[in-house]
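[1] need coordinates for the below:
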Amino acid sequence: MIRIRNKKQPLLTQKTEKRSVSKSHGCLRTECLVSAILVGLLAMFVTWGSSAIVNAGYELVQARACLTKIEKQNEILQLEMARLKSPQRIQTIAVDQLRMVNPQTVYVAVNDSSSKKTVSERTSEPVTVQQFLLFGDSRAEAHNMQK
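    Purely as a prediction, here's the structure:
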């Protein structure tokens, strides 16, 4: 059986709705231009952020190098200070340059309640609070040494 087509029926059905032209070519170009500008601005922002991070890294390395240098200088100065404070050096300067001499007699006051004669007789403060290291008459001894 052969079917006969009705001449009124088209092969393809037609849609009654019209498609509206969504946008013109000029508007598409504008969108592409805006998108390119946004991508460019984003790339510039990422590049700027990366350069800021790299610069901060360089500054950190420089600060660490400076810190290491200052710590080495501090160690050298502490060694120099210890050398300058040494008792042997001070004694050498006192004897050689300042012409100081050790006294031959040294008097020491002891906090002893058994002895009747104490330094407290000479001072107004009690002996229990003070302990004296008294040198002999060093002026007289130094004067005698110079003669």
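
[2] okay, now the unreliable bits of this structure?
    Scanning the chain for pLDDT under 70 picks out 1-25, 112-147.

[3] all strands of it, in order?
    Per DSSP state E, the chain carries strands over the ranges 106-108, 133-135.

[4] now Pro102: phi and psi?
    Not Pro; residue 102 is Asn. Per-residue torsions, Asn102: phi -80, psi 140 (degrees, to the nearest 10).

[5] and it, how many neighbours?
    Asn102 has 11 neighbours, counted by other Cβ atoms under 10 Å. All C-beta spots, glycine's among them, are computed from the backbone N, C-alpha and C.

[6] one more: Leu42?
    Neighbours of Leu42 (other Cβ under 10 Å): 10.

[7] go on, Glu75?
    Glu75, neighbours per other Cβ under 10 Å, totals 10.

[8] same question for Asn111.
    15.

[9] and it, how far from Arg29?
    According to Cβ to Cβ, to the nearest Å, Asn111 stands 105 Å off from Arg29.

[10] likewise Met81?
    Distance, Met81 to Arg29, using Cβ to Cβ: 77 Å.

[11] ok, now Phe45?
    Separation of Phe45 from Arg29 (Cβ to Cβ): 25 Å.

[12] same check on Leu77?
    Counting by Cβ to Cβ, the gap from Leu77 to Arg29 is 71 Å.

[13] could you do Ser86 as well?
    For Ser86 relative to Arg29 (Cβ to Cβ), the value is 86 Å.

[14] Asp96 now?
    Asp96 sits 96 Å away from Arg29, going by Cβ to Cβ.

[15] tally of neighbours for the nearest residue in space to Arg83 that is not next to it in sequence?
    Leaving aside its chain neighbours, Arg83 sits nearest to Arg89 (7.0 Å; criterion: Cβ to Cβ, 6 or more residues apart in numbering). Using other Cβ under 10 Å, Arg89 has 11 other residues around it.

[16] Arg89 against Glu80, yeah?
    No - Arg89 lies out of contact with Glu80 (Cβ atoms under 8 Å); the separation is 11.5 Å.

[17] report the longest helix in this protein, please.
    Looking across the chain with DSSP state H, the single longest helix is helix 25-85.

[18] all set now, cheers.
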